[in-house]
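Peer 1: Structure of the sequence below:
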Amino acid sequence: MKKLLASILAALAINFACATSAPAQSSKEGERIQKVKRSVNRIGIGENVQFTTLDGTKLKGRIDEIGEDYVVVADNKTGNVTRLTFTQVKQVKARPDNPFADPGALMGLAFIPVIIAVAILSRGK
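Peer 2: Purely as a prediction, here's the structure:
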């Protein structure tokens, strides 16, 4: 009898612990979804983006349509259209059309004359 009572109490304690942690998880999930939704709306239709889904898949393309709980992305190369719900998306990043808009590309281009000058100067020694 004592073992049965102990196991019932243990099961209730586990159930209670899981039930109280669920709202915290769902509020974090809701915050993530709202953040993704704001980001997609800020980027806007027709812009290049890269989505990372919860399963780790990366999807690049242009935003074709933004719905209340989804976004439609068209692949620039193949033209394939994918509909993603905001619950599937982990992260969204805008991708500039112009490669020179990327700060890394500009830094690389800025160092080319420096590298050439160092090569010429070191050759003379």
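Peer 1: going forward, measure contacts and count neighbours with C-alpha atoms only.
Peer 2: Fine.
Peer 1: Remind me which helix or strand Val72 belongs to.
Peer 2: Assigned by DSSP states H and E, Val72 belongs to strand 70-74.
Peer 1: Can you pull out the residues in contact with that strand?
Peer 2: 40, 60-66, 80-86 (C-alpha atoms under 8 Å, 6 or more residues apart in numbering).
Peer 1: Also stretch 97-116?
Peer 2: Contacts for stretch 97-116 (C-alpha under 8 Å, 6+ apart): Asn48, Pro96.
Peer 1: so how far is it from its chain's centroid?
Peer 2: 26 Å (C-alpha atoms, centre = their mean, to the nearest Å).
Peer 1: do the same with stretch 85-97
Peer 2: That offset, for stretch 85-97, works out to 5 Å (C-alpha atoms, centre = their mean).
Peer 1: Now the terminal residues of it, how far apart.
Peer 2: End-to-end distance of stretch 85-97 (C-alpha to C-alpha, to the nearest Å): 24 Å.
Peer 1: for that stretch, which positions count as buried?
Peer 2: Thr85, Phe86, Thr87, Val89, Lys90, Gln91, Val92, Ala94, Arg95 (16 or more other C-alpha atoms under 10 Å).
Peer 1: Could you export those as TSV, including distance to Glu31?
Peer 2: Output for the buried residues of stretch 85-97, formatted as TSV (distance: C-alpha to C-alpha, whole Å):
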residue	distance to Glu31
Thr85	15
Phe86	11
Thr87	11
Val89	12
Lys90	11
Gln91	12
Val92	14
Ala94	20
Arg95	23
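Peer 1: Out of those residues, which sit inside strands?
Peer 2: Mapping these onto strands (DSSP state E) picks out Thr85, Val89, Lys90, Gln91, Val92, Ala94.
Peer 1: now the strand holding Val72 and strand 89-94, what's the angle there?
Peer 2: 50 degrees (axes from the mean of the first three to the mean of the last three C-alpha atoms, to 10 degrees).
Peer 1: burial measure for Thr52, as a count.
Peer 2: 16 (other C-alpha atoms under 10 Å).
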